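S.K.: Need coordinates for the following:
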Amino acid sequence: MPTGYARKLGVLWTLYFVQGLPFGFQATALPVYLRSTGVSLTAIGFTTALALPWMLKMFWSPLVDRFGSRRFGRRRSWIVPLQLLLALACFAGAFATTNDRIAVLLVLVLLMNVFAATMDIAVDGLAVDILELPELGKGNVAQVVGYKAGMLTGGGLLVWASGTIGWEGLFIAMGALVAGALVVSISFRESYHRDPEAADSPLRHPSLAAVVRLLGESVRSWDALWLLLFVGTYKFGETMVDTMFKPFLVDAGFAKEQIGLWVGSWGMLFSIAGSIVGGYAATRWPLLRAVAVTAALRALPVAYVEWCEES
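M.R.: Modelled structure (predicted):
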């Protein structure tokens, strides 16, 4: 593998890792923390709304894609300041881990998701800018594995370590990881395989009106609407169950260290393995067949649990 190619993948992996840290904390660690402090299950269920920036980012993504300093780096103009803000929000979380500051903690988690989701827009754009067409497949692997490695760390390993370092130490460790990755963002220089300002370049800045017009045209067909419906509902049930699974384990008497190790670490490792296998299947089978097979496999654990309960 060429050195430059490996470096590009390494940079992308690092940036996606950073984005996965706060979401991993919210998905695994936050429900455990809230339940251990006596927060009701109903209130914990509503905390899934803290992830709304990831679903709503499409509304401000045209602005992120449109504006940026070419001198500093079109994408780095967003990535570096957002990464700095994310690190500061993580460090601030260390001062909001007492029972009387839960509202402050929730606001900070929401801000972390805003910063990470907006940064994701710029990093996706960076990946398209710097990768050649044959490199996009492995770039996508770097994206998925890096993001899930961040979730594994923020929602697994650090939760397991919180038995020693405490919740304050968890946030400090998250902030330190994000701040350390700033070195990568600052030292990396954007380079393009095509001139961004060329008349026929897909990297050329479009007007905001052109972006809005293109989005409108994209959702007018029934095929596009069915695709949006499928993507929006494919993991809906799993997300609902996953949110309440960690509080269930807390109520069942499991320690936060055990939950972090089993669910946040080992569970995420199997998720990463599934992503790799799913990506391989998608390259060997027709896409709809790959989706149908993997969806059926996802149903097997649910069926097994149901069978165990009835037995």
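S.K.: Show me what counts as buried in the helix or strand encompassing residue 278.
M.R.: Per DSSP states H and E, residue 278 falls inside helix 267-284. Buried residues in helix 267-284, counting neighbours by 16 or more other C-beta atoms under 10 Å, are found at 267-268, 272, 275. No exception for glycine: its C-beta is placed from N, CA and C like everyone else's.
S.K.: Stretch 154-163 too?
M.R.: 154-162.
S.K.: Which residue, other than its chain neighbours, is closest to residue 225?
M.R.: In space, and not counting its chain neighbours, residue 225 is closest to residue 219: 6.5 Å by C-beta to C-beta, 6 or more residues apart in numbering.
S.K.: whoops, residue 104 was the one
M.R.: Nearest one to residue 104, counting by C-beta to C-beta, 6+ apart, is residue 96 at 4.3 Å.
S.K.: Just the pLDDT at that neighbour, thanks.
M.R.: Looking at residue 96, its pLDDT is 89.
S.K.: could the buried residues of helix 267-284 go into CSV alongside distance to residue 189 and pLDDT?
M.R.: Listed next are those as CSV, based on distance: C-beta to C-beta, whole Å; pLDDT from 0 to 100:
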residue, distance to residue 189, pLDDT
267, 37, 76
268, 32, 75
272, 30, 77
275, 30, 73
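S.K.: right, and out of those, which lies closest to residue 67?
M.R.: Nearest to residue 67 among these is residue 275, at 32.2 Å by C-beta to C-beta.
S.K.: looking at it, that closest one is touching residue 148, isn't it?
M.R.: Yes. Between residue 275 and residue 148 there is a contact under C-beta atoms under 8 Å: 6.6 Å.
S.K.: Now for residue 13: which residues touch it?
M.R.: By C-beta atoms under 8 Å, 6 or more residues apart in numbering, residue 13 lies in contact with 142-143, 145-146, 149.
S.K.: and which of these is nearest to residue 181?
M.R.: Distance to residue 181 across the contacts of residue 13 (C-beta to C-beta) is lowest for residue 146, with 10.6 Å.
S.K.: Could you check the pLDDT of that closest one?
M.R.: Note for residue 146: predicted pLDDT of 89.
S.K.: Ok, residue 208 next?
M.R.: The model reports residue 208 with a pLDDT of 67.
S.K.: residues touching residue 244, list them.
M.R.: Contact analysis of residue 244 by C-beta under 8 Å, 6+ apart lists 31, 41, 44-45.
S.K.: ok so, going back, how about CSV for the buried residues of helix 267-284, with distance to residue 101 added?
M.R.: As requested, these are exported to CSV (distance: C-beta to C-beta, whole Å):
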residue, distance to residue 101
267, 29
268, 28
272, 34
275, 36
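S.K.: Name the nearest of the residues you listed relative to residue 55.
M.R.: For the buried residues of helix 267-284, the closest approach to residue 55 (C-beta to C-beta) belongs to residue 275, at 20.2 Å.
S.K.: How about the closest one, nearest residue that isn't a chain neighbour?
M.R.: In space, residue 275 is closest to residue 144, 4.8 Å off (C-beta to C-beta, 6+ apart).
S.K.: Tell me, how many residues neighbour the one you found?
M.R.: 18 (other C-beta atoms under 10 Å).
S.K.: just to revisit the earlier point, does the residue nearest to residue 104 really touch residue 111, like I thought?
M.R.: No. With contact defined as C-beta under 8 Å, residue 96 does not reach residue 111; the gap is 11.4 Å.
S.K.: okay, now the residue nearest to residue 225: neighbour count?
M.R.: Neighbour tally, residue 219, other C-beta under 10 Å: 10.
S.K.: picking up where we left off before, now the buried members of the contacts of residue 13.
M.R.: Buried residues within the contacts of residue 13, defined by neighbour count using 16+ other C-beta under 10 Å: 142-143, 145-146, 149.
S.K.: which stretches of the stretch 51-200 of the chain form helices?
M.R.: 52-56, 61-66, 76-93, 102-130, 136-152, 158-187 (DSSP state H, counting those that start in this stretch).
S.K.: which secondary structure elements does the last one contact?
M.R.: This points to helix 158-187. Here helix 158-187 touches helix 3-24, helix 76-93, helix 256-259, going by 3 or more C-beta pairs under 8 Å, 6 or more residues apart in numbering; DSSP states H and E.
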